[in-house]
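**Student:** from the sequence below, what's the structure:
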Amino acid sequence: MSENNLPVKSNKSLPAAGDNASGREFVTMYIEGQLFGIPVLQVQDVLEPLKITRVPLSPREVAGSLNLRGRIVTAIDVRTRLGLPPREENVKCMSVVVESGGEFYSLIVDQVGEVMTLAAAEFEKTPATLDDRWREISDGVYRLQESLLIVIDVKRLLRLEELTAA
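**Tutor:** I've put the predicted structure just below:
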């Protein structure tokens, strides 16, 4: 287990901090088949689906709120946020809890992967050819052997100023 109590499936031993000279750690997840990563130190928890209470008059991408150990957490449906089709009714999803601006947010994603340590030197700027939806929330990318890992900029994903103004 990592310091955030996340299962570590990588075969590399992980350093105590999220970033160091040899690499950066990411919690990986899938949305619409695309691999994404959030820096491990931004992730507070990974959850199975919990009961979400709908919040009247909230923005479309706010799925509602949930109670996480006595704390109210805003649940954001990442598919809706990105303008993707909704997931099928009986398909399980997962939540990645992140902290931003002193508040906790549960990002509802299709699937959570593993914790990966990637070399900082292999990090690249977001390519101009990346789909607009992905580019809008990307902090950069890693080209892996079989896929592209898009690093999520949590603040841009949440668009906090727009969510709170709505």
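
**Student:** from now on I want contacts and neighbour counts done on CA atoms only, so please keep to that.
**Tutor:** Noted.

**Student:** quick one: classify the residue nearest the centre of the chain as helix, strand or coil.
**Tutor:** Nearest to the geometric centre of the chain sits Ile38, at 5.3 Å (C-alpha atoms, centre = their mean). Put simply, Ile38 is strand when judged by DSSP: H, G, I helix; E, B strand; the rest coil.

**Student:** enumerate the beta-bridge partners assigned to it.
**Tutor:** Val27 (DSSP bridges).

**Student:** can you tell me which residues contact it?
**Tutor:** Phe26, Val27, Thr28, Val151, Ile152, Asp153, Val154 (C-alpha atoms under 8 Å, 6 or more residues apart in numbering).

**Student:** and it, how far is that from Val151?
**Tutor:** 6 Å (C-alpha to C-alpha, to the nearest Å).

**Student:** what is the least confident helix or strand in this structure?
**Tutor:** Ranked by mean pLDDT, DSSP states H and E, the weakest helix or strand in the chain is helix 160-165, scoring a mean of 48.

**Student:** following element in sequence after the helix or strand hosting Glu99, please.
**Tutor:** In the assignment (DSSP states H and E), Glu99 maps to strand 94-100. Moving toward the C-terminus from strand 94-100, the next helix or strand (DSSP H and E) is strand 103-109.
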